[in-house]
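**Q** attaching a predicted model along with its sequence, questions to come.
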Amino acid sequence: MDYNQMTAPCGLDCFNCPMYLAKENKELQSMISQKLKIPIEHTSCDGCRNMEGKIIFIGMTEPCNVYKCIKEKKIEFCSECKDFPCDYLHPYADKASEVPHNTKVFNLCLIKKMGLEAWAKNKAEKVKKTYFKEAWKL
């Protein structure tokens, strides 16, 4: 697995995303199609970098701001930028319980600390599971 190619510049792990995993799983495609009320042919994604920053299944025709920014600055990940973290990575309450976007800065810090491959193999999936399933701890 090419973790650089399959990790979004913002730190999302495309390789663990249900939309990416659906490419090889017809049952998952059907479940996503029903849940999101989208045609089954739109239930898979090749990952942010392979899609040039566009999330086709939600109707994006232009790359997201993060993708445009890293291309302009010629960097691989937002954490390489002198302005990190910036408002493009700001967490939001809207859909926080449905999508992992509020984990971006945490993931980028872990990638910087652990290295991309170690994060991808040992931590990325746990971050998402903790975010969606664990109880809040102080």
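**A** In hand now; what should we look at?
**Q** from now on I want contacts and neighbour counts done on CA atoms only, so please keep to that.
**A** OK.
**Q** for residue 68, what are its contacts?
**A** residue 53 (Cα atoms under 8 Å, 6 or more residues apart in numbering).
**Q** and it, what element?
**A** Residue 68 belongs to helix 65-73 when elements are defined using DSSP states H and E.
**Q** run the chain-centre distance for stretch 121-132.
**A** Taking Cα atoms, centre = their mean, to the nearest Å, one finds the center of stretch 121-132 at 12 Å from the center of the full chain.
**Q** which outside residues touch that stretch?
**A** 13, 16, 97, 100, 103, 107.
**Q** let's see 10 Å
**A** Applying Cα atoms under 10 Å, 6 or more residues apart in numbering, the set of residues contacting stretch 121-132 from outside is 3, 11-13, 15-17, 96-103, 106-107, 110-111, 114, 116-120, 133-134, 136.
**Q** ok, stretch 51-67 next?
**A** With contact meaning Cα under 10 Å, 6+ apart, stretch 51-67 is reached by 8-10, 19, 36, 38-39, 41-49, 68-69, 71-72, 76-78, 86-89.
**Q** assumed residue 15 was part of a helix.
**A** Yes. Using DSSP: H, G, I helix; E, B strand; the rest coil, the assignment for residue 15 is a helix.
**Q** with adjacent residues omitted, what lies nearest to it?
**A** Once flanking residues are discounted, residue 15 sits nearest to residue 6: 5.6 Å by Cα to Cα, 6 or more residues apart in numbering.
**Q** could you do residue 44 as well?
**A** Using Cα to Cα, 6+ apart, the closest residue to residue 44 is residue 19 (4.5 Å).
**Q** my guess is that neighbour contacts residue 28. True?
**A** Yes. The pair residue 19 and residue 28 qualifies as a contact (Cα atoms under 10 Å) at a distance of 8.5 Å.
**Q** more crowded one of these two?
**A** The residue with more neighbours, out of residue 19 and residue 28, is residue 19; 21 against 18, by other Cα atoms under 10 Å.
**Q** quick one: the more buried one and residue 31, what's the gap?
**A** Taking Cα to Cα, to the nearest Å as the measure, residue 19 falls 11 Å from residue 31.
**Q** over to residue 18?
**A** 10 Å.
**Q** still on that earlier bit, using PDB, write out the CA atom coordinates for the helix holding residue 68.
**A** Extracted as PDB, the C-alpha positions of helix 65-73 are listed here (Å, rounded to 0.1, in the frame of the first residue of the first chain):
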ATOM      1  CA  ASN A  65      -9.300  24.100  -0.300                       C
ATOM      2  CA  VAL A  66      -6.700  22.000   1.400                       C
ATOM      3  CA  TYR A  67      -5.800  20.200  -1.800                       C
ATOM      4  CA  LYS A  68      -5.500  23.400  -3.800                       C
ATOM      5  CA  CYS A  69      -3.300  24.900  -1.000                       C
ATOM      6  CA  ILE A  70      -0.800  22.000  -0.800                       C
ATOM      7  CA  LYS A  71      -0.500  22.000  -4.600                       C
ATOM      8  CA  GLU A  72       0.200  25.700  -4.600                       C
ATOM      9  CA  LYS A  73       2.700  25.400  -1.800                       C
END
